[in-house]
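Colleague: compute the structure for the input listed below.
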Amino acid sequence: MKISYRKFELPFQYPFSISGGRTKTVQPSLIVCIEHHGIRGYGEAPAIHYYNIPVERMIADLESRISELEAFPFSHPEAFGAFAFSLFPENSFLVCALDMAGWDLFGKQQQAPLYQLWNTEWRNIPLSDYTLGIDEIPVMLRKMDEHPWPIYKVKLGSEKDIEIIQALRSHTSAPLRIDVNGGWTLQEAFEKIQQLSTFGIELIEQPLSKEERHLMPQLKAHSSIPLIADESCVREEDVQKCAEGFHGINIKLTKCGGISPALRMIKTARQLGLTVMMGNMNESSIGTAAIAQFLPQLDFVDMDGPLLLAQDLATGLQLVHGQAQLSHLPGLGIEPSFDDSPIPR
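Modeller: Below is the predicted model:
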């Protein structure tokens, strides 16, 4: 195998803000390419600053063990992903990019899209939402007008939460999903969930911080709106821990380490009676195409990364009014739209 990579700085269409005063205008991302017998597979890992794994760290880690990765006898992506995790147990972001590239490669070798390799039919496909970051209310309403969508995900976690939802609800009848990113206290959550119960809220992601997971059973017992774990559900071992305090989980490929662990997380969640959502971390169409392969297995999906970015890195996936349209080509079903000639090392 030959492994190459590229770093990208992808600008957002609008500044993107979440709770805690965190705003970004550019998304740094690492794209990994694995070439094996003339076939190339691609994977992506966006850098998220509050997880302290910048692209530079991913590249440094990759360079430190790249010869071992290239010497691995590739036969199945799960084995390759497990090997990558053994090399980088503290860098799930890099492992995700490698695991994803391995699956894309494998799908191309088998000449089938991944969802077919998993014996899932392309049916019962959930619609994706469009995310509105925290902003001034007139700006959020303008974004709605510029992006008419069947479902909106709204970032909350400020003093204006109820005012925001009142304004958005008066502007659209579309279902609303709320993502607090751990920005509420328990008392705030009790009060705001009660106030929000009449606004047609489909679900609430991560109302409390991950450090307060022990308080979630109290909130779950009194919430009329389904509660979905996000920051509280990072790796496989977290799924069981979330069962008592949440109605469902949101799987992020970047955080859990890629496609291989996500498949196992879905199986565990179903065994526990949890609903399953999969979300993006502002990936381009490369990482988002990996999410799309899971669609027949999901209850909810948030895969609007390419819509939030002003620049994309691949073709083969489109979101039309919330509906994913795949190429159904092998692997991830995408083609890179950048110069992917290997970079000499």
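
Colleague: just the helices in the stretch 101-250 of the chain please.
Modeller: 114-117, 137-146, 161-171, 186-196, 216-222, 236-242 (DSSP state H, counting those that start in this stretch).

Colleague: so which elements touch the second one?
Modeller: Yep, that's helix 137-146 we're talking about. Applying 3 or more C-beta pairs under 8 Å, 6 or more residues apart in numbering; DSSP states H and E, one finds that helix 137-146 contacts strand 130-132, helix 161-171. Where C-beta positions appear, they are placed from N, C-alpha and C, glycine not excepted.

Colleague: let's see it at 7 Å
Modeller: When contacts are defined as 3 or more C-beta pairs under 7 Å, 6 or more residues apart in numbering; DSSP states H and E, helix 137-146 packs onto helix 161-171.

Colleague: break the chain down into its structural domains.
Modeller: 2-111, 117-335 (automatic domain parsing).

Colleague: quick one: the longest one to chain centroid distance?
Modeller: On the basis of C-alpha atoms, centre = their mean, to the nearest Å, domain 117-335 sits 8 Å off its chain's mean C-alpha point.

Colleague: cool, and the shortest one?
Modeller: With C-alpha atoms, centre = their mean as the basis, domain 2-111 stands 14 Å off its chain's centre.

Colleague: next, the distance between the ends of that domain.
Modeller: Domain 2-111 has an end-to-end distance of 20 Å (criterion: C-alpha to C-alpha, to the nearest Å).

Colleague: I'd say Val234 and Cys256 touch.
Modeller: Yes. Counting by C-beta atoms under 7 Å, Cys256 is a contact partner of Val234 at 6.4 Å.

Colleague: neighbour count: these two, which is higher?
Modeller: Cys256 (23 against 19; other C-beta atoms under 10 Å).

Colleague: show me what contacts the more buried one?
Modeller: Contacts for Cys256 (C-beta atoms under 7 Å, 6 or more residues apart in numbering) come out as 92, 234-236, 262, 265.

Colleague: not counting sequence-adjacent ones, nearest residue to Tyr130?
Modeller: Excluding the flanking residues, the one nearest Tyr130 by C-beta to C-beta, 6 or more residues apart in numbering is Trp149, at 4.0 Å.

Colleague: pretty sure Val26 sits in a helix.
Modeller: No. Read with DSSP: H, G, I helix; E, B strand; the rest coil, Val26 is strand and lies in no helix.

Colleague: counting neighbours, what do you get for it?
Modeller: With other C-beta under 10 Å as criterion, Val26 counts 16.

Colleague: so it makes contact with Pro11?
Modeller: Yes. Val26 is within contact range of Pro11, at 5.4 Å (criterion: C-beta under 7 Å).
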